[in-house]
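When you get a sec, could you give me coordinates for this:
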Amino acid sequence: MKINKEILEICSKNLLIDFNEEEKEILYNELLKIVENMENIKSIDLTNVEPTDYLITKNNSFRKDDDNSYENNEHLKSLKDFKNNLLKV
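Presented below is the predicted three-dimensional model:
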């Protein structure tokens, strides 16, 4: 893909963004670098590389979930307004 200043001008008009000349030059140079990097990435041979889901291993850093169900809790069953696993407040 080729980037030129005409394309940049068309994009800025379509996006309703006004750039001054200095900003246009900066944006143009940055876009050229991005396109150049994309071309470099395209040239990399990835035939023997297996795809990965995660680049880093994920560890659960949160606490372990405990089963704190109150269904079998005898203290709750002894409450006056506790019926069908519901407590009337």
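
From here on, just use CA atoms for contacts and neighbour counts.
OK.

pLDDT (mean, whole number) over the helix or strand that Glu30 is a member of?
Here Glu30, judged by DSSP states H and E, is contained in helix 21-42. For helix 21-42, the mean pLDDT works out to 92.

Provide the contact partners of that helix at residue level.
With contact meaning C-alpha atoms under 8 Å, 6 or more residues apart in numbering, helix 21-42 is reached by Met1, Lys2, Ile3, Asn4, Lys5, Leu8.

try stretch 47-60
The contact list for stretch 47-60 (C-alpha under 8 Å, 6+ apart) is empty.

Quick check, pLDDT for the residue of the chain positioned farthest from its centre.
Outermost residue of the chain with respect to the C-alpha centroid, by C-alpha atoms, centre = their mean, is Lys80; its distance is 49.6 Å. Note on Lys80: pLDDT of 73.

Buried residues, the helix holding Glu30. List them.
Lys24, Tyr28, Leu31, Leu32 (16 or more other C-alpha atoms under 10 Å).

how many other residues sit next to Lys83?
By other C-alpha atoms under 10 Å, the residues close to Lys83 number 12.

Name whatever forms a beta bridge with it.
Assessed by DSSP bridges, Lys83 has beta-bridge partners Leu86.

Nearest the geometric middle of the chain, what residue?
What sits nearest the mean C-alpha location of the chain, by C-alpha atoms, centre = their mean, is Tyr54, with 12.8 Å.
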